[in-house]
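>>> Build the 3D model from these lines:
(one chain, ligands or ions: 1)
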Amino acid sequence: MSPSEYSVPVPSDRTAILCLHCGKPQEVGRKAMSVTCKFCSKSLRLEDVKITRYEARRVIETCGTGTIDKKGHVVSDVRCVSLNLQGKLKGDVVSLGKVEVATNAELKGDVTATSMNVQPGAMLEGNYSIGPRVNGAPPDKAPIARANGEEAQPAPVPVEEAAPEPRGESQSIGSAPVIKIPVRKRVPTARH
Ligand SMILES: [Zn+2]
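Down below sits the predicted model:
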């Protein structure tokens, strides 16, 4: 089956997901547990993750909902589509959707999400970038639009003062065919 052929409407056993790495939407089988992103080729876990005890990891990734139970205590970065924090979390969170922080939950780390809902009594420590993602931008580098309609324009992208580098030149040299001619050493012929 060629993945690029989609001439038929999406069957009901398929669902749309967002890639955690490149942010691109794609269709996957509803029952699939994991897929490979067809844009960036990274593997994506689709099932929801629920943590009910102490866990330390490098990163927790899911294209579904990450839930950290009241008894959960997670030391890890989290990448997910939505996060429901009821226990403790120490690590940076990148959520393509919302982040819910319940009463008495503890969150130490930076949060990037499209929306965040914090219940009274939750403890927070970190930096927050909350707002809609700019279309298709990778979650890591997505400029976050300002909430509250302060300025509806996307965050300014730092403009590098690019010195005019003759990049094309080196490329044309690299692509030019190099013909190597075997050079024979001249063996001095002895004259008699
Ligand atoms: Zn991807």
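>>> what's the burial count for the closest residue in space to residue 123 that isn't next to it in sequence?
Distances taken as C-beta to C-beta, 6 or more residues apart in numbering place residue 106 nearest to residue 123, at 4.6 Å, with adjacent residues excluded. Just so you know, the C-beta spots here come from the backbone N, C-alpha and C atoms, and that holds for glycine as well. Counted with other C-beta atoms under 10 Å, residues neighbouring residue 106 total 16.
>>> Start at 145, not 1
Sure, I'll start counting at 145 from here, so that last one is residue 250.
>>> OK, contacts around residue 250?
Contacts for residue 250 (C-beta atoms under 8 Å, 6 or more residues apart in numbering) come out as 231-233, 266-267.
>>> Quick one: name the residues of the protein near the ion.
Proximity of the chain to the ion is confined to 163, 165-166, 181, 183-184 under the rule C-beta under 5 Å from the ion.
>>> Among those, which one has the most neighbours?
Highest neighbour count within those: residue 163, with 22 neighbours (other C-beta under 10 Å).
>>> Kindly state the pLDDT recorded for the residue found closest to that one once you drop the neighbours it is linked to in the chain?
Of all residues not flanking residue 163 in the chain, residue 181 sits nearest, at 4.4 Å (C-beta to C-beta, 6+ apart). We have a pLDDT of 96 for residue 181.
>>> Repeat that for residue 280.
As predicted, residue 280 sits at a pLDDT of 52.
>>> check contacts around residue 157.
By C-beta under 8 Å, 6+ apart, the neighbours of residue 157 are 173-175.
>>> In CSV, list those residues along with pLDDT, neighbour count and secondary structure.
Formatted as CSV, the contacts of residue 157 follow (pLDDT from 0 to 100; neighbours: other C-beta atoms under 10 Å; DSSP: H, G, I helix; E, B strand; the rest coil):
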residue, pLDDT, neighbour count, secondary structure
173, 91, 12, strand
174, 89, 11, coil
175, 89, 10, coil
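>>> ok, back up a step: ok, the residue nearest to residue 163 to residue 265 distance?
Look at residue 181 and residue 265: by C-beta to C-beta, to the nearest Å, they are 38 Å apart.
>>> Likewise for residue 221?
25 Å.
>>> Next: residue 159.
Using C-beta to C-beta, residue 159 is found at 35 Å from residue 265.
>>> neighbour count winner among those two?
Applying other C-beta under 10 Å to residue 159 and residue 265 shows that residue 159 carries more neighbours, namely 15 against 10.
>>> That one bridge partners, please.
Listed by DSSP bridges, the beta-bridge partners for residue 159 are residue 172.
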